[in-house]
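A.B. asks: Next one to model:
(one chain, ligands or ions: 1)
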Amino acid sequence: MARGRIQTLLATWRSLLDGGASYREAERRAELAQLRFRDGRAIPRHIAVIMDGNGRWATQRHLPRSMGHHAGVEALRRVVQLCDDQHVPMLSVYAFSTENWGRPQEEVDALMRLMWETIRTDVERLHRNGVRLRHIGRLADLAPDIQEAIRHMMELTQHNTKLHLNVCFNYGGRAEIVDAVREMMAAGMPAEEVTEEAIGRHLYTRDLPDPDLVIRTGGEMRLSNYLIWQAAYAEYYSTPTLWPDFDDADLLAALDAFAGRKRRFGKLDSQVAEVPPASAPPSIVSSLPQAAVKGAR
Ligand code: FPP
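C.D. replies: Got it, this is the predicted structure:
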């Protein structure tokens, strides 16, 4: 205990002497320590998924595209369960982007209906299973009944501590940054106070850890405006599997790929040593030191 305090004092002193470099280094180490390990393998603390390929899946079966989205919800239910089984604490899914408004009206309407229906049919079960649901995106542009359903799902599950599921709906990374800048300017923030940390505090994801792993299904190799700020240091994994077909084997393959990556956070191999902790707590999202995690790079 006393040794810990002395080390903290020394770190603070060093930080004063070197202009904060050692403090940032300590934060980076704190982030590495927060990487979760199971059977000696790193498990992402936060997986973000771009659920692509619903349309192609439907077309291959001569079905309307909306049927592909329905099958996509089935896949999402499976993956929520799988992430929980694999002790992944947080999952974010890209369900409707700000660019998706440009799709044919029929498809936009189908996706809006699907969101509303899925909340109605799934929220009670997810709540019973301890899942915490959050919406990420521009809520105000959505129809009032969808806004109400989203508020309900967030309020109902706000104290749950098992898997944290973030539904990115009417979400766009650039729109999010624009909203953050507007918020800071409206608050009269002086230019010298605009830092990476300050921007992070004004993003929709302000209380959440950055994703460690971004999975994209459907074979494309781009971020499509998804969590572009937060995913700056995420590992990226693309699979040709169409989202409705994504199953256990696909998730395990993505987790395997993640475990095999060496995360350097812009440093050299020799500067980064990821050492598995002796034991990992069963659920760490609620106990994450958010300030330290968000500040580390
Ligand atoms: C991209 O596939 C997928 C979407 C735009 C919607 C994703 C939605 C789901 C998976 C269902 C879950 C949604 C809710 C509302 C809970 P695409 O249509 O672009 O497929 P394509 O590239 O094959 O055309």
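A.B. asks: in the biggest helix by length in the chain, what counts as buried?
C.D. replies: Longest helix in the chain, counting residues (DSSP state H): helix 105-128. For helix 105-128, burial by neighbour count (16 or more other C-beta atoms under 10 Å) applies to 107, 110-112, 114-116, 118-119, 122-123, 126-127. Placement of C-beta: from N, CA and C, glycine included.
A.B. asks: Same question for stretch 137-147.
C.D. replies: Neighbour-count burial for stretch 137-147 flags Gly137, Arg138, Leu142, Ile146 (criterion: 16+ other C-beta under 10 Å).
A.B. asks: Show me those that map onto helices.
C.D. replies: The helices, defined by DSSP H, take in Ile146 from the buried residues of stretch 137-147.
A.B. asks: how about a markdown table for the buried residues of stretch 137-147, with distance to the ligand and pLDDT added?
C.D. replies: Output for the buried residues of stretch 137-147, formatted as a markdown table (distance: C-beta to the nearest ligand atom, whole Å; pLDDT from 0 to 100):
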| residue | distance to the ligand | pLDDT |
| --- | --- | --- |
| Gly137 | 11 | 98 |
| Arg138 | 15 | 98 |
| Leu142 | 11 | 98 |
| Ile146 | 10 | 98 |
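A.B. asks: Which residue is the nearest non-sequential neighbour of Arg65?
C.D. replies: Gly55 (4.6 Å; C-beta to C-beta, 6 or more residues apart in numbering).
A.B. asks: what's the neighbour count on that neighbour?
C.D. replies: 20 (other C-beta atoms under 10 Å).
A.B. asks: interface residues of the stretch 101-250 of the chain facing the ligand?
C.D. replies: Applying C-beta under 6 Å from any ligand atom, we find that the stretch 101-250 of the chain lies next to the ligand at Leu111, Leu114, Met115, Thr118, Gly218, Trp243.
A.B. asks: Check the average confidence over the longest helix of the chain, would you?
C.D. replies: Helix 105-128 comes out with an average pLDDT of 98.
A.B. asks: so what's the closest residue to Glu183 other than its chain neighbours up against?
C.D. replies: Across the structure, with C-beta to C-beta, 6+ apart as the measure, the residue nearest Glu183 apart from its sequence neighbours is His202 (4.8 Å). When contacts are counted by C-beta atoms under 8 Å, 6 or more residues apart in numbering, His202 touches Asp179, Ala180, Val181, Glu183, Met184.
A.B. asks: quick one: the last one and Ala198 touch, right?
C.D. replies: Yes - using C-beta atoms under 8 Å, Met184 is in contact with Ala198, at 6.7 Å.
A.B. asks: Compare these two and say which is more crowded by neighbours.
C.D. replies: Between Met184 and Ala198, Met184 has the larger neighbour count (other C-beta under 10 Å), namely 18 against 12.
A.B. asks: Just give the nearest non-adjacent residue to that one, would you?
C.D. replies: Nearest non-adjacent residue to Met184, counting by C-beta to C-beta, 6+ apart: His202, 5.6 Å away.
A.B. asks: distance of the one you found from the ligand?
C.D. replies: Using C-beta to the nearest ligand atom, to the nearest Å, His202 is found at 26 Å from the ligand.
A.B. asks: Let me see the confidence value for that residue.
C.D. replies: 98.
A.B. asks: ok, now Ser286?
C.D. replies: For Ser286, the predicted pLDDT is 38.
A.B. asks: where exactly do the helices run in this structure?
C.D. replies: Using DSSP H, the helices of the chain run over residues 2-17, 21-34, 54-60, 65-85, 105-128, 144-157, 173-186, 196-202, 248-260, 290-295.
A.B. asks: Worst mean pLDDT among those helices?
C.D. replies: For these, the weakest mean pLDDT is recorded on helix 290-295, namely a mean of 33.
A.B. asks: contacting residues for Trp57?
C.D. replies: Shown in contact with Trp57 (C-beta under 8 Å, 6+ apart): Gly68, Ala71, Gly72, Leu242, Trp243, Pro244, Asp245.
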